[in-house]
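> No letters, just coordinates:
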């Protein structure tokens, strides 16, 4: 029913949405999963037309992709390296019969960005430089990984065509290459919406 409310553009707060998650995942929501209101703004910017392919770089519990798919006619793919969150996201996708959502269990370094049109980034690499930001202890964390992943994302985004859209939330912008210009901001600048213009 929660996704029907979203599709009808009814107000759904995060506490209402997060009940779909197990308690241990819910506890991480405030810091790690994109708020519903942020998703609505970002997803509507990223999906320019029906069928737009959006990649969520580090999808965690899948919230951005699932909510974004209800608010738009885009197709959302989440890439997640943690097996538990990948499996959880897929179970929820099937449970709620979300047809325009897909989750991939992989590392971002194995993803070809040219298969997508738009991108969302909620600083999923930050846990490599701040141990208080760790989701769990199932993956290694290291500043070298932070730099490696950020550089890979920047390189992939730099090779995308003019008109490519990107939304960043709570980012230090290390992954944003030259050529992307801010089109709009929200939430006192925490959410930035970009388009490749050169």
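Perfect, I can see it now. Values in this document were obtained by computation on a predicted structure and should not be read as measured data.
> any idea which element the residue minimising distance to the centre of the chain lies in?
Nearest to the geometric centre of the chain sits residue 56, at 3.4 Å (Cα atoms, centre = their mean). Here residue 56 sits within strand 53-57, counting by DSSP states H and E.
> For that strand, give the mean pLDDT please.
What strand 53-57 shows for mean pLDDT is 98.
> Which residue, other than its chain neighbours, is closest to the residue nearest to the centre of the chain?
Nearest non-adjacent residue to residue 56, counting by Cβ to Cβ, 6 or more residues apart in numbering: residue 78, 4.3 Å away. C-beta coordinates here come from the backbone N, C-alpha and C atoms, glycine included.
> tell me, which helix in the protein spans the most residues?
Using DSSP state H to define each element, the chain has its longest helix at helix 143-158.
> Stretch 159-171: which residues count as buried?
160, 164, 165, 166, 167, 168, 169, 171 (16 or more other Cβ atoms under 10 Å).
> Next: stretch 115-126.
Those would be 116, 117, 118, 119, 120, 121, 122, 123, 124, 125, 126, for stretch 115-126 by 16+ other Cβ under 10 Å.
> any idea how far it is from the chain center?
The gap between where stretch 115-126 is centred and where its chain is centred comes out at 5 Å by Cα atoms, centre = their mean, to the nearest Å.
> Which residues outside that stretch are in contact with it?
Residues from elsewhere that reach stretch 115-126, judged by Cβ atoms under 8 Å, 6 or more residues apart in numbering: 34, 42-43, 46-48, 52-58, 60, 64, 68, 74, 77, 113, 133, 145-146, 149-150, 153, 157, 164-172, 175.
> Which among these count as buried?
Buried members of the contacts of stretch 115-126, scored by 16+ other Cβ under 10 Å, are 34, 42-43, 46-47, 52-58, 60, 64, 68, 74, 77, 113, 145-146, 149-150, 153, 157, 164-169, 171, 175.
> Give me the next element, helix or strand, following the lowest-mean-pLDDT helix or strand in the chain.
The weakest-scoring helix or strand in the chain, judged by mean pLDDT, DSSP states H and E, is helix 29-32 (a mean of 83). Moving toward the C-terminus from helix 29-32, the next helix or strand (DSSP H and E) is helix 36-46.
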